[in-house]
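Trainee: Starting from these lines, generate the structure:
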Amino acid sequence: MQTTWKGTISFGLVSIPVHLYSATQEHDVPLHQVHAKDGGRVRMKRYCEREEKEVPYAEIAKGYESPDGRTVTLSDEDLADLPLPSKKVIDVLAFVDATEIDPLMFSKAYYVGVADKAAAKPYALLRDALVESGQIAVTKIALRTRESPAVLRVHDGTLVLQTCIWPDEVRPAAGIAPEENVAVRPQELKMARSLMDTLSEDFDLSQLHDDYQQALQQVITARLEGVEIPHEEEAGEAPDNVIDLMEALRSSLKQAKGGRAPGVEREEEPPPRKRAAAKRTAAAKEAAAKSTTTRATTTRTTAGKGSEKSAAAKKAAPAKKTTRKSTAPRQAS
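Mentor: Numbering: from 1, shown residues only. Down below sits the predicted model:
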């Protein structure tokens, strides 16, 4: 890696000679300005208004115009000789918990490497002390033409210098969020937390990729090859007014789970004890109904079989002869 800065970390009476290396890189597709009519390259030229001519880069300096119109010219030597201690020294000012620095203040990150072998032990001492304490070191550093607050922290066993903006450079957030008192119901909060947990399952930040750069590269390739530019169907517009927040959360949760039921109680459902009691009552009624039906069916079946047996017995029995006795008196002989 190319060295960005050389200097020393001052940690009490301990000095650590270090080099800084840029910790991040961007992968944008390089684009430049051209004339839309014919594709001719458009170049920016350094033009002097007083002499009305182009000037070389070597003759360029920085200047400041005062409110009354006067201009002060500052050369690179003037900027390099500023009486600023942080030009070559990263002075550790304090150690604080990481939560005390709002991530909104973080700017650019640099890896911190040792300048020589003698710096290895104090480097490891500061690194291990930060890891054991769980804290970060607050410092200041001057890079190029700007002094910035910064923090020293540990990432993958390596010290990282993270430059920050000054506290007064953070704009106030007043008036951005809804000012009225919005009440969030416990059911809505529970559903939102369930959705958060579902979306966080098996999430891997390294799997994210830049869709914009990929689409731009496809368009450039299509133009170079003289083929049709790929088009993707536009996604439907998101609703600008959520009428039923619970239903929106419920649908989002179902979609996140691949169409499965959300598994979260609906807002209108009764409390768990009442639901359990209702289930037991319904189950008892259903069992009683089944028992009544079974008894009735058994009774009808038994009665039917008894009737059939009686009829069969009557049919099988022989007919009895009926002899009437004479009621007339016998005559004497």
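Trainee: Just the helices from the stretch 1-150 of the chain, written as ranges.
Mentor: 76-80, 120-133 (DSSP state H, counting those that start in this stretch).
Trainee: if you compare those, which one is most tucked away?
Mentor: helix 120-133 (a mean of 14; mean count of other C-beta atoms under 10 Å). Any C-beta I mention is one placed from the backbone N, CA and C, and that applies to glycine too.
Trainee: Not counting it itself, show me its contacts.
Mentor: For helix 120-133, the external contacting residues (C-beta atoms under 8 Å, 6 or more residues apart in numbering) are 9, 11, 14-16, 18, 95, 112, 114, 136-137, 152-154, 157-159.
Trainee: ok, now stretch 198-205?
Mentor: So stretch 198-205 is contacted by 253, 256-257 (C-beta under 8 Å, 6+ apart).
Trainee: Now residue 165: closest residue in space, sequence neighbours ignored.
Mentor: In this structure, residue 165 finds its nearest non-sequential neighbour in residue 105, 5.4 Å apart by C-beta to C-beta, 6 or more residues apart in numbering.
Trainee: The one you found contacts residue 162, doesn't it?
Mentor: No - using C-beta atoms under 8 Å as the test, residue 105 is too far from residue 162 to be in contact (9.2 Å).
Trainee: The two: who's more crowded?
Mentor: A count of neighbours by other C-beta atoms under 10 Å puts residue 162 above the other of residue 105 and residue 162, at 22 against 17.
Trainee: State the distance from the more buried one to residue 148.
Mentor: Taking C-beta to C-beta, to the nearest Å as the measure, residue 162 falls 10 Å from residue 148.
Trainee: sorry, back to before: dump the contacts of stretch 198-205 to TSV, plus distance to residue 218 and pLDDT.
Mentor: Below are the contacts of stretch 198-205 laid out as TSV (distance: C-beta to C-beta, whole Å; pLDDT from 0 to 100):
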residue	distance to residue 218	pLDDT
253	34	75
256	29	76
257	32	73
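Trainee: what about residue 220, distance to residue 164?
Mentor: Applying C-beta to C-beta to residue 220 and residue 164 gives a distance of 37 Å.
Trainee: can I assume residue 41 is in contact with residue 31?
Mentor: No - shown here, residue 41 and residue 31 do not form a contact pair, counting by C-beta under 8 Å, at 11.8 Å.
Trainee: For the chain, give me the ranges with low pLDDT.
Mentor: 233-243, 259-333 (pLDDT under 70).
Trainee: Which parts of it are strands?
Mentor: Taking DSSP state E to define them, one finds strands in the chain at 3-11, 14-22, 47-48, 53-54, 62-65, 71-74, 89-91, 94-97, 106-114, 135-143, 146-155, 158-164.
Trainee: Quick one: closest of those strands to residue 249.
Mentor: strand 106-114 (31.7 Å; C-beta to C-beta).
Trainee: before we move on, back to that, can you list the strands of the chain in TSV and add distance to residue 230?
Mentor: Compiled in TSV, the strands of the chain are given as follows (distance: least, C-beta to C-beta, whole Å):
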stretch	distance to residue 230
strand 3-11	39
strand 14-22	34
strand 47-48	41
strand 53-54	42
strand 62-65	46
strand 71-74	50
strand 89-91	49
strand 94-97	49
strand 106-114	35
strand 135-143	42
strand 146-155	38
strand 158-164	39
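Trainee: between the ones you listed, which one is nearest to residue 196?
Mentor: strand 106-114 (23.8 Å).
Trainee: so what secondary structure elements neighbour that closest one?
Mentor: Counting contacts by 3 or more C-beta pairs under 8 Å, 6 or more residues apart in numbering; DSSP states H and E, strand 106-114 is packed against strand 3-11, strand 14-22, helix 120-133, strand 158-164.
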